[in-house]
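Enquirer: Turn this into a structure:
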Amino acid sequence: MRQEFSFPSADGRHDIHAVRWSPEGEVRGVVQIVHGVSEHMERYSRAAEFLNGRGFLVCGGDHLGHGRTARPGEYGFFAARNGWELVVRDVRRLRELEGARCPDAPYVMLGHSMGSFLTRSYLIRWPGTLDGAVLSGTGQEPAPVVAAGKWTAGLLSALRGPGYVSPLIYRMSLGAYNRKFRPSRTPVDWLSRDGEEVDRNLADPLCRFQPTVSMFRDIMTGLQFIARREHLARMDPGTPVYLFSGDQDPVGSMGEGVRRVEGMFRRAGCRDVTVRLYPGGRHEMLNEINRQEVMEDLARWLEDRVGN
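Expert: This next block holds a predicted model:
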C-alpha cells in the first residue's frame, strides 16, 4: 500500500513531501531511502515494491529543493545558509516519525549518491539509532578536490547569489561524469546501461534541473564533515554497513572511491562492512540492466542482518 504524507522541515518554511510503501501483513523491518541530487522518491517505487514483497516497509522524503517538497523556482536549492545541516535534520525527523510507527521493527537507512553522504552524516550525528546502513553509489573525492570545489562554489554564491546556477561548476562536477562513456547517446549515460531508464530520467521534469552553487557548496561541506577522522570515530562500530556500486560509476571513481569509503569505515572500527561492486555497472544500480540481481542481493543482506 502506498501512502503520501508530509512533515515540517527543519528550515521552518517547508513541508517535506514523503512517501510510504507498506507490505501486506507484519512489518519485518523499515527501510528509509535517502535519495540523491536532482531526483525524488517516486523513482524508488520499483525497489520499494520489491522490498514490500519481502516484508519491509519503505519510506522516504523529497529533500529541500527536490521533488514535491520544492516550490517553483526552488529546485536545486537547499537554503541560503546551513543547507546540509537542515537536510540531515529532516532525514533524522523522518526516522523518528517512522520509527515511532513501527517501534519493534529493525530500522535501516539506504542512501543513494548524495543520499549516501547524508546517511554517512546521520551515522556520525546519531550513532546507535539504526540497525543497518546501506550506501548505494557512494564515493569520496580527495580532500584537496573537495576543498577546491567548496571554495569555488562558495565564491560564486557570494558573488552571484546562493540561487545562481553555474555552467562552470556543473561542467566540473556532474557534467564531467559522462566523459568516460563517449561517444554517448545522452548527457546522462553515466547513470545506467539501460537506455530506457536513462530516457525515463531525461523525461522526468523533477529530475532535469541543475543544482545551485549553494547546493554544491553544501554538498562539499557534507563531504568534508563525513571524511574527518574525529567524526568517523563517533559512529557506532556495531552498525552493519553494506556498500554497493557499479565498478564503472564515476561518482565512486570507478570503484576506487567506494573502496576508499570502505577503508574509512574499517579504520573507524566498524566491525561489519560488506562491499559489492558490480562489473560494468554504472551509477544507479537499482536502475541497471541487472537490477533484479542487485535487489536480490540487497534483500539477502537485509534478511541476514535485520530480518526476523
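Enquirer: Need phi/psi at residue 91.
Expert: phi -60, psi -40 (degrees, to the nearest 10).
Enquirer: okay, it: pLDDT?
Expert: Residue 91 is assigned a predicted lDDT (pLDDT) of 98.
Enquirer: ok, now residue 231?
Expert: 98.
Enquirer: Tell me who's in contact with it.
Expert: Residues near residue 231 by Cβ atoms under 8 Å, 6 or more residues apart in numbering: 124, 225. All C-beta spots, glycine's among them, are computed from the backbone N, C-alpha and C.
Enquirer: Pull out the buried residues from the helix or strand hosting it.
Expert: Element membership of residue 231, judged by DSSP states H and E, is helix 229-232. For helix 229-232, the buried set under the neighbour-count rule, 16 or more other Cβ atoms under 10 Å, comprises 231-232.
Enquirer: Report all helices and strands that the helix-or-strand element of the chain with minimal mean pLDDT contacts.
Expert: Using mean pLDDT, DSSP states H and E, helix 167-172 stands out as the lowest-scoring helix or strand of the chain, at a mean of 88. Judged by 3 or more Cβ pairs under 8 Å, 6 or more residues apart in numbering; DSSP states H and E, the packing partners of helix 167-172 are helix 143-160.
Enquirer: any idea how far residue 88 is from the residue lying closest to residue 220 once chain neighbours are set aside?
Expert: When the adjacent residues along the chain are set aside, residue 220 lies closest to residue 150, with 3.5 Å between them (Cβ to Cβ, 6 or more residues apart in numbering). For residue 150, the distance to residue 88 equals 17 Å [Cβ to Cβ, to the nearest Å].
Enquirer: for residue 122, same thing?
Expert: 6 Å.
Enquirer: Just the CA atoms of the least confident helix or strand of the chain, as PDB, please.
Expert: This file holds the C-alpha atoms of helix 167-172, laid out as PDB (Å, rounded to 0.1, in the frame of the first residue of the first chain):
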ATOM      1  CA  PRO A 167      27.500  26.200 -16.000                       C
ATOM      2  CA  LEU A 168      31.200  26.100 -14.900                       C
ATOM      3  CA  ILE A 169      30.500  24.300 -11.700                       C
ATOM      4  CA  TYR A 170      28.200  21.800 -13.400                       C
ATOM      5  CA  ARG A 171      30.800  21.000 -16.100                       C
ATOM      6  CA  MET A 172      33.400  20.400 -13.400                       C
END
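Enquirer: got the buried residues for the helix or strand that comes right after it?
Expert: Where DSSP H and E defines the elements, the next helix or strand beyond helix 167-172 is helix 195-203. By neighbour count on 16+ other Cβ under 10 Å, the buried set for helix 195-203 is 197-198, 201.
Enquirer: For residue 230, state which of those is nearest.
Expert: Within the buried residues of helix 195-203, the smallest distance to residue 230 is 37.7 Å, found for residue 201 (Cβ to Cβ).
Enquirer: Look at residue 49 and say how many residues are nearby.
Expert: 13 (other Cβ atoms under 10 Å).
Enquirer: residues in contact with it?
Expert: So residue 49 contacts residue 21 (Cβ under 8 Å, 6+ apart).
Enquirer: For it, what is the enclosing helix or strand?
Expert: helix 45-53.
Enquirer: gap between that helix and the chain center?
Expert: 17 Å (Cα atoms, centre = their mean, to the nearest Å).
Enquirer: downstream neighbour of that helix in the secondary structure list?
Expert: strand 56-61.
Enquirer: For that following strand, list the C-alpha coordinates in CSV.
Expert: Below are the C-alpha coordinates for strand 56-61, written out as CSV (Å, rounded to 0.1, in the frame of the first residue of the first chain):
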residue,chain,number,x,y,z
PHE,A,56,9.9,-4.5,4.5
LEU,A,57,8.2,-1.2,4.9
VAL,A,58,9.9,1.5,2.8
CYS,A,59,9.7,5.3,3.3
GLY,A,60,11.5,8.4,2.2
GLY,A,61,11.1,12.1,1.7
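Enquirer: Can you check what angle separates it from helix 45-53?
Expert: 150 degrees (axes from the mean of the first three to the mean of the last three Cα atoms, to 10 degrees).
Enquirer: Hmm, residue 58 and residue 299 touching each other?
Expert: No. Taking contacts as Cβ atoms under 8 Å, residue 299 lies outside contact range of residue 58: 11.7 Å.
Enquirer: which of those two has more neighbours?
Expert: Just comparing residue 299 and residue 58: by other Cβ under 10 Å the higher neighbour count belongs to residue 58, 27 against 19.
Enquirer: Contact partners for the residue positioned nearest the centre of the chain?
Expert: Nearest to the geometric centre of the chain sits residue 115, at 1.7 Å (Cα atoms, centre = their mean). Listed by Cβ under 8 Å, 6+ apart, the contact set of residue 115 reads 33-36, 136.
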